[in-house]
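[1] the sequence isn't on hand, but the structure is:
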């Protein structure tokens, strides 16, 4: 199985795995699965750390790529076509990070592991 982590799911998987649903924990813990993380999550984490809104993520932000490697996650770049797709969404959801993650999930035809029901507005498959 291939899945894309929403930013909060990434943070919880690294810092607070007890916050994950049972299904999310199983999927992330199964070494046969490919776990993708969007570059948008790196952007979101670094932005929120800079603004003081994610003090618990400072170490993840400082060591982002090493943390992804250690966890066995695959980082996904933001391609131009994905950015265009994210910009063209007509859903009222305005969060630019969520828009990119949703566009990547649709482009790669993979579900997003997320508790956030607002992502459903993009027509993605969400697992929690």
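    Received the coordinates, thanks. This one's a predicted model, so the numbers in the text were calculated from it and none came from an experiment.
[2] buried residues in stretch 72-90?
    Within stretch 72-90, the residues that qualify as buried by neighbour count (16 or more other C-beta atoms under 10 Å) are 73, 76, 78, 82-83, 85-86, 89. Backbone N, C-alpha and C define where each C-beta goes, glycine included.
[3] ok, now stretch 40-55?
    40-42, 44-46, 48-49, 54.
[4] outside of it, which residues touch it?
    5-7, 10-11, 57-58, 60-61, 64, 75, 78, 96-97, 100-101, 104 (C-beta atoms under 8 Å, 6 or more residues apart in numbering).
[5] that older thread, in a markdown table, list the buried residues of stretch 72-90 along with pLDDT.
    Putting these into a markdown table (pLDDT from 0 to 100) gives the following:
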| residue | pLDDT |
| --- | --- |
| 73 | 98 |
| 76 | 97 |
| 78 | 98 |
| 82 | 98 |
| 83 | 97 |
| 85 | 97 |
| 86 | 97 |
| 89 | 96 |
